[in-house]
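Visitor: Pasting the sequence and the predicted model now:
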Amino acid sequence: MQIYEDLDEIPHIQHPVVTIGTFDGVHLGHQKILKRLGEIANAINGETVLVTFWPHPRMVLNPEGHNIKLLSSFEEKKALLRQYGVDHLISIRFTKAFSQTSSQSFVEDILIEKIGTQKLVIGYDHRFGRGREGSFEHLKANQDKYGFELEEISRQDIDNNGISSTKTRVALESGDLDTAKAFLGRPYELSGTVIKGKQIGRSLGFPTANIEVANPNKLIPMDGVYVVEVEWEGMLKEGMLNIGNRPTLSGQNKTVEVHVFEFEGDLYGKQIKVYFHDFLRREKKFDGLDSLKAQLAKDKISTMSYFQLKPK
């Protein structure tokens, strides 16, 4: 996959089949659009192109009113789009000035002049241009003028339940991992660097790696204890993870801590990725460290049972 962050860097692309959107999370609805994009490109010996925006437009247009948390950082989104077969990723820096671009200018200056779009594929609810004025209807009415073919992916074609990034965020913020996983088509993931903590978990027999999440706008699921897998340097281990303020330990700040099974070693400074599989319980304050330790032992048994029953 070729990535361009400057419109002037875009080379000649053979029969470009294009789609547009933020594609936050690259959920199943997005994946269906990408699949259709690939089918069309294969049929005409063309190449797939995705035009996206960074930062997320809502973060720029109303940063106070829309404190949006993202399902995927730009790095995560790039990896996912590469996985789903996108040939060219064009990332447009979204600014307040760019937000004033009219839909007509966007089509003529970017889709036609810069990319040479041969076919445009968009989702049923996609809008673009200043004030979200551009729509499928606008494109269809001007199709002959613009000179490219047009295809809309209907809501029914994507999913009868209307999969969306917003619904996925709501599911994660309420601990509903089953719904989030169903919408994404995979476990939710979180990446960061392991930093030093207070090492209280080690004294309880459950050493944890404290994760400093790389992107401050990345969505962190609801506080509680989770069944996870942990990946770093080509290794993948099972574990359990806690998100919260550690009330039994009089914690003041929210932490993300993971206990990795069958591992002894130093993870400090390493980049790790966590995959969320199941929600075990809410965080709670225990009577003391002995009660906490007993609960952690139960959590570990529950986590191990999950993986034993999980289809391979």
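Guide: Yep, that arrived. Just so you know, these numbers come straight off a predicted model, no measurement behind them.
Visitor: Secondary structure class of the closest residue to Glu262 other than its chain neighbours, three-state.
Guide: Leaving out its chain neighbours, the residue that sits closest to Glu262 by C-beta to C-beta, 6 or more residues apart in numbering is Lys237, at 6.5 Å. Heads up, the C-betas are built off the backbone N, CA and C, glycines and all. On the three-state scheme (DSSP: H, G, I helix; E, B strand; the rest coil), Lys237 is labelled strand.
Visitor: Lys237 and Ile211, how far apart?
Guide: Distance of Lys237 to Ile211, computed by C-beta to C-beta, to the nearest Å: 14 Å.
Visitor: who's in contact with Tyr14?
Guide: Rather than Tyr, residue 14 is Gln. Shown in contact with Gln14 (C-beta atoms under 8 Å, 6 or more residues apart in numbering): 45-47.
Visitor: Mind checking which of those are in strands?
Guide: Among those, DSSP state E puts Glu47 in strands.
Visitor: ok, back up a step: of Lys237 and Ile211, who's got more company?
Guide: The residue with more neighbours, out of Lys237 and Ile211, is Ile211; 26 against 15, by other C-beta atoms under 10 Å.
Visitor: I'd assumed Lys270 was in contact with the more buried one.
Guide: No - applying C-beta atoms under 8 Å, one finds Ile211 not in contact with Lys270, separated by 10.2 Å.
Visitor: Quickly list what's touching both of these two.
Guide: Joint contacts of Ile211 and Lys270 (C-beta under 8 Å, 6+ apart) are 193-194.
Visitor: Extract the residue ranges of this protein that are flagged as low pLDDT.
Guide: 63-66, 155-161, 198-203, 246-252, 312 (pLDDT under 70).
Visitor: For the stretch 101-250 of the chain, which segments count as strands?
Guide: Residue ranges of the strands in the stretch 101-250 of the chain, as given by DSSP state E, counting those that start in this stretch, are 119-123, 149-153, 188-195, 209-213, 224-232, 235-244.
Visitor: Arrange the ones you listed in CSV, one row each, with distance to Ser73 as further columns.
Guide: As requested, the strands of the stretch 101-250 of the chain are exported to CSV (distance: least, C-beta to C-beta, whole Å):
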stretch, distance to Ser73
strand 119-123, 22
strand 149-153, 25
strand 188-195, 7
strand 209-213, 9
strand 224-232, 16
strand 235-244, 18
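Visitor: so which of these comes closest to Ser72?
Guide: strand 188-195 (8.3 Å; C-beta to C-beta).
Visitor: Can you give the strand pairings for the closest one, parallel or anti for each?
Guide: strand 209-213 (antiparallel), strand 271-281 (antiparallel) (DSSP bridges).
Visitor: Just the buried positions in the shortest one, please.
Guide: The one in question is strand 209-213. For strand 209-213, burial by neighbour count (16 or more other C-beta atoms under 10 Å) applies to 209-211, 213.
Visitor: same question, stretch 87-95
Guide: In stretch 87-95, counting by 16+ other C-beta under 10 Å, buried: 87-92, 94.
Visitor: Can you name the residues bridging to Ile195?
Guide: Counting by DSSP bridges, Ile195 forms beta bridges with Asn210.
Visitor: List the contacts of it.
Guide: 210-212, 268.
Visitor: which one of the residues you listed is nearest Leu61?
Guide: Glu212 (28.6 Å).
Visitor: which residues of this structure fall in helices?
Guide: Here the chain has its helices, by DSSP state H, at 28-43, 57-61, 74-83, 103-105, 136-141, 143-146, 155-158, 165-173, 177-184, 200-203, 289-309.
Visitor: Tabulate the ones you listed (CSV), appending mean neighbour count and distance to Ser191.
Guide: As requested, the helices of the chain are exported to CSV (neighbours: other C-beta atoms under 10 Å; distance: least, C-beta to C-beta, whole Å):
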stretch, mean neighbour count, distance to Ser191
helix 28-43, 19, 20
helix 57-61, 16, 19
helix 74-83, 17, 7
helix 103-105, 16, 35
helix 136-141, 14, 35
helix 143-146, 12, 40
helix 155-158, 15, 27
helix 165-173, 19, 15
helix 177-184, 20, 15
helix 200-203, 16, 21
helix 289-309, 14, 21
